[in-house]
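Peer 1: Please find the sequence and the predicted model below.
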Amino acid sequence: MSHPLKPHFKKSLVIFGTLTFITVVISLSLGSVSIPSKTILDILFSRVPVIGGLFPSHPGPESTIILKIRLPRILLGLIAGVSLSVSGSSMQGVFKNPMASPFILGVSAGGAFGAAVGIFFDIPWYLLPLIAFIFGMGTMLTVFFLGRVRGRTHVSTLLLAGLAMNFLMTALTSLILFYSDPAERMSIVAWTWGSLSGTVWNDIWISLPVMVIGTGAVYAYARDLNVIQTGETSAKQLGIEVEKTKMIQLITSSLLAAVVISFTGVIGFVGLIIPHASRLLVGPDHKKLIPISALLGGSFLVMCDAVSRVSGNIWVGVITGLFGAPFFIYLLIRNRGDTGW
Amino acid sequence: MVMLDIKNVTTGYTEKNPVLKNLNVSMDEGDFIGIVGPNGSGKSTLINCITGILEPWKGSVKIKNETLTDLSRKEIARNVAVVPQDTYINFPYSVKEIILMGRSPYLGRLENYDKKDHEIAEREMKTTETYRFRKRGINELSGGEIQRVIVARALTQDPELLLLDEATSHLDIGHKKEVMDTIKKKNEKEGLSVISVHHNLSLAARYCEKILLLDEGKEHAFGTPEEVLTNSHLRAVYGIEAEVHEHPKDGSLYVSPVDEQVSSKSKEKTVHVICGGGSTNTLLKDLIEKGYEVTAGVLNVMDSDLEKADFLDIKTITEAPFSSITEESYEKNLELIQDADILIMTDFPVGEGNKKNIEVLEECVRDYSKEVILIDPENIADRDYTYDDMASKVYYEISEKKNVRGVDSTKKVFSVLQN
């Protein structure tokens, strides 16, 4: 099995950047009212400062549909895809384990349980993200606390603690499901499978800065993460502050996932498979892996959400699972016996 | 100039359990020092101490006159590089990517490798002959090749002091020499200071100008290989008799252990061991090494204790695989027991098939005043699978006899034998 030894990083960056943009535009054109791509580009570019005047602004229902309904939803999809993929790449690096993902620390299961609690006790809908975030981070911090032995993070203990907390949170969510009435059940299921419908611009104003700062922080420690892959003691001997790097990476990646999940619910598989696919494209160097993961993850989730929208708003986590799992199995078979996994 | 100065260092991993005790080491720039000693003598701990991974509880470690605890990780890494015993890398980084990591201590957070970094990496790839596979994935390489890549990375760190922590112990003889020769050349031509931890005494003697022999965290001897690798030092630290020879070709020393049997005193006594199922642990070997004449029986063919006995050339009474002990074997076994001075019963499980090995005990104790040692007699009931609890009954009956003694484990046998 050969590896991308000359990782075509710059080429990939251009290709996936373009792909992301095209995906967003096509996705904007899909829906019950069909709007041509030309009109969409006009509407988008007319809102850009300085050059905005050069494009017709198409005032009317088309503008409203694009800017008020479709764009926030698609942008949240993009942000969620980027955040989850960057989070996954970071965690796989910290754990030196290609099976790690944002879910491993219990962020998702905790968030879903929080939302279920909120729905069951009829708290106002706009507080749901807050309670989901609190539960997600709470679960993650518990796992974190359990995984720390004498001031050091033990990977295997951490993974096992994550597994246990995941089971506990999922069981508690199911318990609430059992005692819920049918309407509540649908809302809770939507949380456990993720949904982007009903996104408003305010969601973007919170998740976008977190995505930008979080991705920046993960990227800033990318080279340290590379050195850690060759062993933590060796990394220390190469001048890396191993414990600090691990802490920053873990807290940032948990935050990235928790914030997204608090708006969208649990969207599975993205944080696991996108880092894998990216590694096959540009190799394991985190300096390349993180930007490519971000672009690939963003466009993947926008595509999955487009499928969800045209098929009557099936929960987007179902779509990512349906596409993601077979692809993952394909990668698994293709790479069987290869130590790269 | 003094490269490394370790003064009165006491340290370890758990409180009140120091691994290094009041250790002093000093080396000048350009020295090539070997550290040897048995497992647990503190060799690797010393390496961790010099790289600042482990802080001294008492005393101080200085690199070029600067106290280690005052330096940042990066500052230490610019002076000291380490080649560990082995390196596992999960993801398929290319060889060049790994080697370039050696420049980490010189880069700021957002800085990238510049031309100079690439040049240094390339230079070291050439010295270690890793240049030709620089583009391959690390996971495609053999153990020897990976180790050369790690050496290249350590050299790319441009250190003043290189630490080898049993760096060649997993390599075959050819690769051992290759790696050590490369480093020796760096030491001779560029004045790189080297500290090399070795398991292999001959290898240490061949490459190191001075050797530090550690014993339980303390310096036992320090000096040239000729001064340190002597019979008396090796006996005191390793507990073995060794011969130190001079290599006929290059005059370097090499060490080979001598069979201890010759030096033993208790040669005359004969011990018969009744055992089975691997219950002897290292007892047979230990007895032979202490100079006893050893016999064993009755053992089924394919029993792991029989394999050990065969390997040690011990006379045994055998039975076909998985079958019960016959009257004939029983008699032969009894004969061997009569010839022996001491009878040892290991803690083997007793069933219908081998119950004759217990019956024979009854006979011995009754008819002969022979020294009998039972291993773990208290728990006989747990390993007694006979229908009538026969083994337990026999053990109970004989436990009162004057010539019968019990010990907890095979290890404890010798504490009884010596008196």
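Peer 2: That came through fine. Numbering: from 1, shown residues only, chains lettered A, B, ... in the order given.
Peer 1: for the helix or strand of chain B with the lowest mean pLDDT, which positions count as buried?
Peer 2: Lowest on mean pLDDT, DSSP states H and E among the helices and strands of chain B sits strand B:253-257, with a mean of 74. Neighbour counts over strand B:253-257 (16 or more other Cβ atoms under 10 Å in any protein chain shown) mark B:253-255 as buried. (Each C-beta comes from the backbone N, C-alpha and C, glycine too.)
Peer 1: what's the nearest residue to residue 67 if we skip its chain neighbours?
Peer 2: All of this is about chain A. A:Ile43 (6.9 Å; Cβ to Cβ, 6 or more residues apart in numbering or on different chains).
Peer 1: The chain in question should be chain B.
Peer 2: B:Ser60 (5.7 Å).
Peer 1: Phi first, then psi, for the one you found.
Peer 2: Dihedral pair for B:Ser60: phi -140, psi 150, per degrees, to the nearest 10.
Peer 1: That one against B:Lys7, yeah?
Peer 2: Yes: using Cβ atoms under 8 Å, B:Ser60 is in contact with B:Lys7, at 5.2 Å.
Peer 1: Tell me what B:Thr270 is bridged to.
Peer 2: Beta-bridge partners recorded for B:Thr270 (DSSP bridges): B:Glu293.
Peer 1: so who does it touch?
Peer 2: Applying Cβ atoms under 8 Å, 6 or more residues apart in numbering or on different chains, one finds that B:Thr270 lies in contact with B:292-295, B:339-342.
Peer 1: Pull out the buried residues from those residues.
Peer 2: Counted by 16+ other Cβ under 10 Å, those give B:292-295, B:340, B:342 as buried.
Peer 1: residue boundaries of the helices in the stretch 151-300 of chain B?
Peer 2: Here the stretch 151-300 of chain B has its helices, by DSSP state H, counting those that start in this stretch, at B:173-190, B:201-207, B:225-228, B:231-238, B:283-289.
Peer 1: Can you lay out those as CSV showing distance to B:Glu397, mean neighbour count and mean pLDDT?
Peer 2: Conversion of the helices of the stretch 151-300 of chain B to CSV gives the following (distance: least, Cβ to Cβ, whole Å; neighbours: other Cβ atoms under 10 Å in any protein chain shown; pLDDT from 0 to 100):
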stretch, distance to B:Glu397, mean neighbour count, mean pLDDT
helix B:173-190, 58, 16, 88
helix B:201-207, 53, 22, 87
helix B:225-228, 57, 18, 90
helix B:231-238, 45, 16, 86
helix B:283-289, 25, 20, 86
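Peer 1: In JSON lines, list those helices along with distance to A:His8.
Peer 2: Below are the helices of the stretch 151-300 of chain B laid out as JSON lines (distance: least, Cβ to Cβ, whole Å):
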{"stretch": "helix B:173-190", "distance to A:His8": "34"}
{"stretch": "helix B:201-207", "distance to A:His8": "44"}
{"stretch": "helix B:225-228", "distance to A:His8": "53"}
{"stretch": "helix B:231-238", "distance to A:His8": "56"}
{"stretch": "helix B:283-289", "distance to A:His8": "60"}
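Peer 1: Please name whichever of those is nearest to chain A.
Peer 2: Chain A lies closest to helix B:173-190 among the helices of the stretch 151-300 of chain B, at 16.6 Å (Cβ to the nearest Cβ).
Peer 1: on contacts alone, who are the packing partners of the closest one?
Peer 2: helix B:115-127, helix B:143-156, strand B:161-165, strand B:193-197, helix B:201-207 (3 or more Cβ pairs under 8 Å, 6 or more residues apart in numbering or on different chains; DSSP states H and E).
Peer 1: okay, those in TSV with distance to chain A next?
Peer 2: TSV is the format used below for the helices and strands packed on helix B:173-190 (distance: least, Cβ to the nearest Cβ, whole Å):
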stretch	distance to chain A
helix B:115-127	12
helix B:143-156	8
strand B:161-165	8
strand B:193-197	13
helix B:201-207	22
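Peer 1: Out of the ones you listed, the one nearest A:Leu172 is which?
Peer 2: helix B:143-156 (46.4 Å; Cβ to Cβ).
Peer 1: ranges for the strands of the stretch 1-150 of chain B?
Peer 2: In the stretch 1-150 of chain B, the segments counted as strands under DSSP state E, counting those that start in this stretch are B:2-11, B:20-28, B:32-36, B:58-63, B:66-67, B:80-83.
Peer 1: Once you drop chain neighbours, what's closest to B:Pro377?
Peer 2: For B:Pro377, the spatially nearest residue (Cβ to Cβ, 6+ apart) is B:Gly406, at 4.1 Å.
Peer 1: I'd like the distance between that neighbour and chain A.
Peer 2: Separation of B:Gly406 from chain A (Cβ to the nearest Cβ, to the nearest Å): 41 Å.
Peer 1: just checking, that residue touches B:Asp376?
Peer 2: Yes: judged on Cβ under 8 Å, B:Gly406 makes contact with B:Asp376 at a distance of 7.5 Å.
Peer 1: Can you tell me the SS state at the spatially most central residue of chain A?
Peer 2: Closest residue to the average C-alpha location of chain A: A:Leu84 at 1.8 Å, with Cα atoms, centre = their mean. Judged by DSSP: H, G, I helix; E, B strand; the rest coil, the three-state class of A:Leu84 is helix.
Peer 1: ok, it - contacts?
Peer 2: A:Leu84 neighbours (Cβ under 8 Å, 6+ apart): A:102, A:256-257, A:260, A:267, A:270-271, A:274, A:297, A:301.
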